[in-house]
Structure formats: structure tokens, C-alpha cells
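**Student:** Quick one, structure for this:
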Amino acid sequence: MKESILKDKSKSFAIQIVYLYKYLCDEKREFTMSKQLLKSGTSIGANIMEAQFAQSLADFVSKMSIALKEASETLYWLELLTETEYLDKQQSEELIQNCYELIKMLHATVKTSKQKL
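**Tutor:** Prediction:
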């Protein structure tokens, strides 16, 4: 159940990131940080999807840990884009909140799963 919620939230978040990437490229003409954001922000869900078909619990923990790292990196890029004024606080507030939610959920999943190893 929790993984299903994570899967849905991460996919919705990835879609938001793709639209933000388009905006940053088209409107703000920012290509470097936005590309990093696109890679890390869409990688979260990709790793969660991979974890669903893990070969073992250790493999599952590994994939979810990678998703957690990608979420942390995504948060960094969102904060950096905001602090350099490519995004205003209103534009980034919801995305940052959604990213924090994913981080909390992934952290809990990894922690719980590690205890079962």
C-alpha cells in the first residue's frame, strides 16, 4: 500500500518537474540547473518503479535508497533555483513541500525495510 502511494506521488511529482523544466528552458532560458532538476526529479519515480520488481529485500532497499538520494538532490536544485531567482517562492513552495513529503516517505520505507534485513 505505502509503495503504491509512493509510486503515485512520485509520478505526479515527476510530471510537475517536467512542466517546470519546460518553463525554465522556454521562459527563463535556464538550461544547466533545470536539466539537473529534470534528471533527479524524474529519477525518483523511476527508482521506485524498479524497486517494485526487486530481486530481494536488499535490492529493494538499494533502489529505494537511490530514490531517496535523488529526492534529496531534487530538493537542492529547487532551493538553488529559488535562491537564484529563477523561481519565486510561490512557484517553488508546492514543489518543495511535495519533495519533502517524498523524502519523508522514502526515509521511512528505507528505515523500515532495513530493519527486516
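**Student:** what sits up against stretch 97-110?
**Tutor:** If you take C-beta atoms under 8 Å, 6 or more residues apart in numbering as the criterion, stretch 97-110 is touched by 2-3, 5-6, 9-10, 12-13, 16, 44, 61, 64-65, 67-68, 71-72, 74-75, 78. For the C-beta atoms, the positions are set from N, CA and C on the backbone; glycine is no exception.
**Student:** In helices, which of these appear?
**Tutor:** Among the contacts of stretch 97-110, DSSP state H puts 2-3, 5-6, 9-10, 12-13, 16, 44, 61, 64-65, 67-68, 71-72, 74-75, 78 in helices.
**Student:** Tell me the buried residues within these.
**Tutor:** If you count burial by 16 or more other C-beta atoms under 10 Å, the buried members of those come out as 6, 9-10, 13, 44, 61, 64-65, 67-68, 71-72, 74-75, 78.
**Student:** any idea how far the closest residue to F13 other than its chain neighbours lies from K7?
**Tutor:** Nearest non-adjacent residue to F13, counting by C-beta to C-beta, 6 or more residues apart in numbering: N98, 5.3 Å away. N98 is 14 Å from K7, where distance means C-beta to C-beta, to the nearest Å.
**Student:** for H107, same thing?
**Tutor:** Using C-beta to C-beta, H107 is found at 16 Å from K7.
**Student:** What about the nearest residue to K89 once chain neighbours are set aside, how many residues nearby?
**Tutor:** Nearest residue to K89, sequence neighbours excluded (C-beta to C-beta, 6+ apart): T82, at 6.4 Å. Using other C-beta atoms under 10 Å, T82 has 18 other residues around it.
**Student:** Thought Q90 was touching T82, still the case?
**Tutor:** No: using C-beta atoms under 8 Å, T82 makes no contact with Q90, being 9.9 Å away.
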